[in-house]
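Novice: Predicted model, plus sequence, below.
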Amino acid sequence: KMSWTDAIGQEGLFEVTKVLASDEFGGRFPDSDGEKKTLAYLEQQFREAGLEPGNPKENSYFQKVPLVRIETKIQDEKMAISSKNGEGLSLSSPEDFVGISWRMQDDVQIDKSEMIFVGYGIVAPEYNWNDYAGIDVKGKTVVLMINDPGFASKDPTFFDGTTMTYYGRWTYKYEEAARQGAASVLIVHETAAAAYPWTVVVTGRATPQMHPVPQDEYKSRCSFEGWITGDTATRLFQLAGKNYAEFAGKAHTSERQSVSLQLESSIKLKNKFGYLESHNIFGMIPGTTRPDEVVIFSAHWDHLGTNGKDIYHGARDNALSVAGLIEIAKAFKKLGGTERSLVFFSSTAEEQGLLGAEYYVDHPIFQLEKTAAVLNLDMITIFGSMRDISFFGFGNCPDLDEITQKTCEKLNRKISQAPRGEDGLFYRSDHFPFCKKGIAGIFLAYGVDSIQHDPAWTAAQELKWTSHCYHKPADEVTSDWDLHGAVDDLKVYAEMGKVLADGTMFCKYQPGHSQK
């Protein structure tokens, strides 16, 4: 009898990853020639693996995902800051600031908008925290910090200690500022607190942005959603006769202050927008006895495309995980069926804000209440075999935690703390939209206790990879990739999927803290 060991291998992982990350696929940007090639290739792979179309109503492997594309041009690439005494600053993009507008209108203008510092820009009743208390920001520009007070305090009992809560995410900051009626938002970038360098912020705003098709042309969003460098924040505060470091240092304490900087910001933008269609892709293995109940394996196919001269190949992020999805599917086909259906879901526009997965949970093909759990793959390991394994989202569902623990014990892997909790990675991949709907999702991270090296070596490799390759053209398959560990991790996932698909459990998302 065959085992997972024989059914999942490195060869298939390398083969699929090299194709998807090749120049020919152009960085797999949604609604590009690269998308067409990716979908055709994945459909062929799904068919060859023996998967049935995962959108049975339409007898198709695809689900259409309608989106809007918005491209923001900042007039002269400048933002003007003026003070009451006539002094001013001219900020340049992308050196000092970057930003976009979601507004579906040709011209967007912010004219002499009062600037107010609001600390972390968080309203969190469960932590008895409100940075907007007693201050009116309607029509104004808010300047605020990335991450949350727990990160700065390093106190494990405060917020969630150094593990980022949803309140620390930039997405939340923009949503809250809009609820408060602000016209414009400037998030102060700091590499440690954001968990990525300024270049990642710039790259992320340089390509046209995609968003779900809105009801209101995004009039409910702030007119300008931007970031500024830490150095720019220091200069702004100097112009205001204040010390940024002092205010930032107190922002997580009871001495924090939200204050007007007595400065005004002005910027003019031109927006070009249009509608487009991208696609999620699904293959399935129908269940033998309860085919309407499903276990979902997910991995996004999209990446960042090209900047005109360089291709963002997205080999580890996330071609390798898509290859992993196909390897797991092939293994299940070889090893025979499960009672529940297995769905292999490769989503679009994850890099644009989990848009394919968000669209799916709002327009599900399989009933959400019949979805047992979501096992998500994103950026799996390329650094060889590890004794340990870790998961983002472990600890959010007792049932799923138990299955995870038993599987790891059976396969002789120890579960370690997920790395880089301060990065908020739990909120940055495709299981999260399912979690918001109450379905437990888990996201395979990576181990660090290398069998050949030691944990410090692995941590150094991961750090080096993040700074040199993450969201950069250098994310390619290189000769030093060692996928033994990826194979080991995929076996754990496949085994978990089998337990879930032969079981009766529906895993519900029960977060210990603010991941709403």
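Specialist: In hand now; what should we look at? Numbers count the residues shown, from 1 in each chain.

Novice: Any regions of this structure where pLDDT drops low?
Specialist: Within the chain, the stretches with pLDDT under 70 are 1-2, 512-516.

Novice: Surely Y41 touches L20?
Specialist: Yes: under the criterion of CB atoms under 8 Å, Y41 makes contact with L20 at 7.1 Å. From N, CA and C alone the C-beta is placed, and that goes for glycine too.

Novice: So if I had to pick from those two, which one is more boxed in?
Specialist: Set side by side, Y41 and L20 show more neighbours around L20, with 27 against 17, by other CB atoms under 10 Å.

Novice: Got the phi and psi for that one?
Specialist: Here is the backbone geometry of L20 (degrees, to the nearest 10): phi -60, psi -30.

Novice: Tell me where the stretch 51-200 of the chain has strands.
Specialist: Taking DSSP state E, counting those that start in this stretch to define them, one finds strands in the stretch 51-200 of the chain at 52-53, 62-74, 78-83, 88-92, 97-100, 107-117, 123-124, 129-130, 141-145, 159-162, 184-188.

Novice: Pick the most buried one from the ones you listed.
Specialist: Greatest average neighbour count among the strands of the stretch 51-200 of the chain goes to strand 141-145 (a mean of 28), per mean count of other CB atoms under 10 Å.

Novice: For that strand, list the C-alpha coordinates in CSV.
Specialist: Presented in CSV, the C-alpha positions along strand 141-145 are these (Å, rounded to 0.1, in the frame of the first residue of the first chain):
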residue,chain,number,x,y,z
THR,A,141,-5.4,64.6,7.6
VAL,A,142,-4.5,62.0,10.3
VAL,A,143,-0.9,61.0,10.9
LEU,A,144,-0.6,57.7,12.7
MET,A,145,1.8,54.8,13.5
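
Novice: Distance from the chain centre to the longest helix anywhere in the chain, please.
Specialist: Longest helix of the chain, by residue count under DSSP state H: helix 484-502. Between the centre of helix 484-502 and the centre of its chain there are 22 Å (CA atoms, centre = their mean, to the nearest Å).

Novice: same question, stretch 472-479
Specialist: 20 Å.

Novice: what do you get for stretch 104-119?
Specialist: With CA atoms, centre = their mean, you get 26 Å for stretch 104-119.

Novice: Need the CA coordinates for it. CSV is fine.
Specialist: What follows is stretch 104-119, C-alpha atoms only, in CSV (Å, rounded to 0.1, in the frame of the first residue of the first chain):
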residue,chain,number,x,y,z
MET,A,104,-13.6,56.4,-8.6
GLN,A,105,-13.4,60.0,-9.8
ASP,A,106,-10.9,61.6,-12.2
ASP,A,107,-9.7,64.4,-9.9
VAL,A,108,-9.1,64.1,-6.2
GLN,A,109,-7.8,67.1,-4.3
ILE,A,110,-6.9,67.8,-0.7
ASP,A,111,-6.5,71.5,0.0
LYS,A,112,-5.0,72.8,3.2
SER,A,113,-6.2,70.0,5.3
GLU,A,114,-5.3,70.3,9.0
MET,A,115,-2.9,67.6,10.2
ILE,A,116,-3.6,65.7,13.4
PHE,A,117,-1.4,63.1,15.1
VAL,A,118,-3.6,60.3,16.5
GLY,A,119,-1.0,57.8,17.8
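
Novice: Can you get me a residue count around the nearest residue to F29 once chain neighbours are set aside?
Specialist: Excluding its sequence neighbours, the residue lying closest to F29 (CB to CB, 6 or more residues apart in numbering) is G305, at 2.8 Å. As a burial measure, G305 scores 23 neighbours (other CB under 10 Å).

Novice: Distance check, G305 against G353.
Specialist: 15 Å (CB to CB, to the nearest Å).

Novice: coming back round to it: give the buried residues for the longest helix of the chain.
Specialist: Of all the residues in helix 484-502, those buried under the rule 16 or more other CB atoms under 10 Å are 485-502.

Novice: Which one of the strands of the stretch 51-200 of the chain lies nearest to Y509?
Specialist: Nearest to Y509, of all the strands of the stretch 51-200 of the chain, is strand 159-162, at 16.0 Å by CB to CB.

Novice: Specify the beta-bridge partners of K64.
Specialist: Bridge pairing for K64 (DSSP bridges) gives the partners H279.

Novice: Identify the residues contacting S346.
Specialist: Each residue near S346 by CB atoms under 8 Å, 6 or more residues apart in numbering is listed here: L42, N280, I281, F282, S298, A299, H300, W301, V322, L325.

Novice: what angle separates the helix or strand harbouring the first one from strand 62-74?
Specialist: What it means is L42. Secondary structure assignment for L42, by DSSP states H and E: helix 33-48. Counting by axes from the mean of the first three to the mean of the last three CA atoms, to 10 degrees, helix 33-48 lies at 160 degrees to strand 62-74.

Novice: and helix 33-48, which residues are buried?
Specialist: G34, E35, K37, T38, L39, Y41, L42, E43, Q45, F46.

Novice: hang on, the earlier thing: could I get the longest helix of the chain in CSV with only the CA atoms?
Specialist: Only the C-alpha atoms of helix 484-502 are listed here, as CSV (Å, rounded to 0.1, in the frame of the first residue of the first chain):
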residue,chain,number,x,y,z
HIS,A,484,12.9,18.2,1.4
GLY,A,485,11.3,20.3,4.2
ALA,A,486,8.5,21.5,1.9
VAL,A,487,7.7,17.8,1.1
ASP,A,488,7.6,17.0,4.9
ASP,A,489,5.3,19.9,5.6
LEU,A,490,2.9,19.0,2.7
LYS,A,491,2.6,15.5,4.1
VAL,A,492,1.5,17.0,7.4
TYR,A,493,-1.1,19.1,5.6
ALA,A,494,-2.3,16.1,3.5
GLU,A,495,-2.7,14.0,6.6
MET,A,496,-4.7,16.8,8.3
GLY,A,497,-6.9,17.1,5.2
LYS,A,498,-7.5,13.4,5.3
VAL,A,499,-8.5,13.4,9.0
LEU,A,500,-10.8,16.4,8.4
ALA,A,501,-12.3,14.8,5.2
ASP,A,502,-13.1,11.5,6.9
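
Novice: Which strand residues bridge K270?
Specialist: Under the criterion DSSP bridges, K270 forms beta bridges with K73, D107.

Novice: and it, how many neighbours?
Specialist: Neighbour count of K270, defined by other CB under 10 Å: 14.

Novice: Equivalent analysis for L355, please.
Specialist: Other residues near L355 come to 25 when the count uses other CB under 10 Å.

Novice: how far away is A251 from R179?
Specialist: For A251 relative to R179 (CB to CB), the value is 20 Å.

Novice: who has more neighbours, these two?
Specialist: For A251 versus R179, the count of surrounding residues by other CB under 10 Å is larger for A251: 22 against 12.

Novice: ok, V68 touching P30?
Specialist: No: under the criterion of CB under 8 Å, V68 makes no contact with P30, lying 11.7 Å away.

Novice: So what does the residue nearest to I285 when sequence neighbours are not counted have for phi and psi?
Specialist: Excluding the flanking residues, the one nearest I285 by CB to CB, 6+ apart is L342, at 4.6 Å. The phi/psi pair for L342 (degrees, to the nearest 10) reads phi -110, psi 130.

Novice: so what's L342 up against?
Specialist: When contacts are counted by CB under 8 Å, 6+ apart, L342 touches M284, I285, G287, V294, V295, F297, A329, F332, G497, A501.
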